[in-house]
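Peer 1: what would the 3D arrangement of this be:
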Amino acid sequence: MSKAGRLVVLVSGSGTNLQALLDASADPSYGARVVAVGADRDGIEGLARAERAQVPTFVEKLGDYATREEWDRAIAARIAAYEPDLVVSAGFMKILGAPTLDAFPVLNTHPALLPSFPGAHGVRDALAYGVKITGCTVMLADEGVDTGPIVAQAAVPVLPGDDEAVLHERIKQVERRLLVETVGRMAREGWTVSGRMVRIGNHTGGETT
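Peer 2: Have a look, this model is predicted:
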């Protein structure tokens, strides 16, 4: 059973999910702490949040490498230096390659109830389809786009008059709470993966991992 005490968080923007994790991990009873924050660009608020919290940071820009494969290896090496138990992709706008995915469990979030509405426009696509309930998903990342095993989900109702921005903001508020709760439970209770089934804590269902 895996544990998630040491977190490396990857960001590309404002870092609101990162901030939620930093705030939660300030309490020792949370069970996990952010040991480093990585980014794919300079000058973002996510890095500033980490620096204010006195958490080490690193930046690996895709454009600094001749190939995507070289970048994949470089960012995996930077992550590995901090010996994380879990990597959290918190608004990180790059798909991680095999060097990272094969070495560490990577947690990601998506603003829809997967497997419905994957991809970059989950909120827009759900609205266009006319759903009455959408939500957010926390998953273990794999080599696909929003295709990894689902760890946790939460529902968010679509209200009359919602546009993409209003609905997305409401989803993000739920997503932050769900991510913090899920990471904390994984850290304190451990988790197992059997096929596509992810179970947090000690379950007596006869599964083997």
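Peer 1: in a strand, Ala152, correct?
Peer 2: Yes - with DSSP: H, G, I helix; E, B strand; the rest coil as the criterion, Ala152 is assigned to a strand.
Peer 1: tell me the helix or strand right after the longest helix seen in the chain.
Peer 2: Once the chain is assigned using DSSP state H, the helix that runs over the most residues is helix 164-189. Downstream of helix 164-189, the next assigned helix or strand under DSSP states H and E is strand 191-194.
Peer 1: tell me the first helix or strand C-terminal of that next one.
Peer 2: strand 197-200.
Peer 1: in the longest helix of the chain, what's buried?
Peer 2: For helix 164-189, burial by neighbour count (16 or more other CB atoms under 10 Å) applies to 167-168, 170-172, 175-176, 178-180, 182-189. Just so you know, the C-beta spots here come from the backbone N, C-alpha and C atoms, and that holds for glycine as well.
Peer 1: mind listing the strands for this protein?
Peer 2: Assigned by DSSP state E, the strands in the chain fall at 6-11, 33-39, 57-59, 86-89, 106-110, 133-140, 150-157, 191-194, 197-200.
Peer 1: next, format those strands as a markdown table and append mean pLDDT.
Peer 2: Written out in a markdown table, the entries for these read as follows (pLDDT from 0 to 100):
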| stretch | mean pLDDT |
| --- | --- |
| strand 6-11 | 97 |
| strand 33-39 | 97 |
| strand 57-59 | 98 |
| strand 86-89 | 97 |
| strand 106-110 | 96 |
| strand 133-140 | 98 |
| strand 150-157 | 98 |
| strand 191-194 | 95 |
| strand 197-200 | 96 |
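Peer 1: hang on, the earlier thing: what about the longest helix of the chain, distance to the chain center?
Peer 2: The gap between where helix 164-189 is centred and where its chain is centred comes out at 9 Å by CA atoms, centre = their mean, to the nearest Å.
Peer 1: also compute the angle for that helix relative to strand 133-140, please.
Peer 2: Following axes from the mean of the first three to the mean of the last three CA atoms, to 10 degrees, one obtains 40 degrees for the angle between helix 164-189 and strand 133-140.
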